[in-house]
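only geometry, no sequence info:
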């Protein structure tokens, strides 16, 4: 039986639950879990002030329930285990995550998987800005693992990403792969502008029906049927992420860039 945390708060002040992770609670009793410190604004309070606590902490599974859109840092720095969220969640979900899995049945805020190292984040809804991104002033963003989002995302998807996989089933905002160092980002819907600006290496795939405009610092290479695309689609399907059958044998236009940074990155646009 997993540890179950049901939100019963009624506050407009942000709540931060950094540190409430499967590996932290596994050796604690329910009473000790209830006394774990969280932040309500700048005030430290016990977890039980806002959550009803039940279940088995040693199970290495945590289920969060309720409208958690004002609850931030869920799963931050977790190293193993499983977190399930039945509802919406706030900012910094899975930030600096080093292992385990997080599954969300609703929408999430900014900075999903910020600077994450390993693990899987699977969101059956929308996310906002800076998914898998570096925090301001940091040199590297996401360093490994996978972030799978069925819905739409905002701007700066994969900002300064170093390794790993990000897949978005819906639309993306501007600056996908901005300053990207390596890794793979796939967008299955439409996307905004200025994608790959400053990218040094890595791969961007825009698989929607309306390819976004390319920056002038990217150079057209060729039209092809990349053998890697079916492999990536198969990997996504293994994770339960939808991948259209029409993409398996589709043609793509390959661009290289950003030429300002050496031109070693690649962008695949689905050919019309």
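Cool, got the structure. Here the structure is a predicted model, which is why all the values come from computation and not from measurement. Residues are numbered from 1 along each chain as shown.

Run through the helices of this structure in chain order.
With DSSP state H, the ranges of helices along the chain come out as 22-25, 30-34, 228-238.

contacts for the worst-scoring helix or strand of the chain on mean pLDDT?
The weakest-scoring helix or strand in the chain, judged by mean pLDDT, DSSP states H and E, is helix 228-238 (a mean of 91). Outside helix 228-238, the residues that touch it by C-beta atoms under 8 Å, 6 or more residues apart in numbering are 148, 165, 167, 184, 186, 205, 242-243, 247-248, 250, 252, 268. No exception for glycine: its C-beta is placed from N, CA and C like everyone else's.

Those residues in strands, which ones?
Secondary structure from DSSP state E places 148, 165, 167, 184, 186, 205, 252, 268 of the contacts of helix 228-238 in strands.

one step back: any chance of the helices of the chain in CSV, plus mean neighbour count?
Shown next, in CSV, are the helices of the chain (neighbours: other C-beta atoms under 10 Å):
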stretch, mean neighbour count
helix 22-25, 20
helix 30-34, 15
helix 228-238, 15
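
Nearest to residue 81, out of those helices?
Evaluated over these, closeness to residue 81 peaks at helix 22-25, with 2.7 Å, by C-beta to C-beta.

Mind listing what's buried along stretch 59-66?
59-66 (16 or more other C-beta atoms under 10 Å).

Let me see the mean pLDDT of that stretch.
Mean pLDDT, stretch 59-66: 96.

And for the nearest residue to residue 26 once chain neighbours are set aside, the neighbour number?
Leaving aside its sequence neighbours, residue 26 sits nearest to residue 58 (C-beta to C-beta, 6 or more residues apart in numbering; 5.1 Å). Neighbour count of residue 58, defined by other C-beta atoms under 10 Å: 14.

so residue 58 touches residue 27, yeah?
Yes: the pair residue 58 / residue 27 is scored as a contact, 7.4 Å apart, by C-beta atoms under 8 Å.

Low-confidence bits of the stretch 151-272 of the chain, can you list those?
Along the stretch 151-272 of the chain, no part satisfies pLDDT under 70.

do the same with the stretch 1-150 of the chain
In the stretch 1-150 of the chain, no residues with pLDDT under 70.

the strands in the stretch 51-200 of the chain, which residues?
51-55, 61-65, 71-72, 82-86, 98-104, 118-123, 143-149, 163-168, 184-187 (DSSP state E, counting those that start in this stretch).

Nearest to residue 37, out of the ones you listed?
Checking these against residue 37 by C-beta to C-beta gives strand 51-55 as the closest, at 12.7 Å.

ok, the residue sitting furthest away from the middle of the chain to residue 56 distance?
The C-alpha centroid of the chain is most remote from residue 31, which lies 32.2 Å away (C-alpha atoms, centre = their mean). Using C-beta to C-beta, to the nearest Å, residue 31 is found at 14 Å from residue 56.

Equivalent analysis for residue 38, please.
Distance of residue 38 to residue 56, computed by C-beta to C-beta: 20 Å.

more crowded one of those two?
More crowded of residue 38 and residue 56, by other C-beta under 10 Å: residue 38, with 21 against 14.

Touching, that one and residue 13? I think so.
No: between residue 38 and residue 13 there is no contact under C-beta under 8 Å: 11.8 Å.

Now for residue 240, how many residues are close by?
As a measure of burial, residue 240 has 11 neighbours, counting by other C-beta under 10 Å.

Grab the nearest non-local neighbour of it.
residue 122 (7.3 Å).

Kindly report the same for residue 52.
Nearest residue to residue 52, sequence neighbours excluded (C-beta to C-beta, 6+ apart): residue 6, at 4.4 Å.

What count of nearby residues applies to that neighbour?
14.

Please report how far it lies from residue 34.
12 Å.

Now the terminal residues of stretch 169-178, how far apart.
With C-alpha to C-alpha, to the nearest Å as the measure, stretch 169-178 spans 19 Å from end to end.
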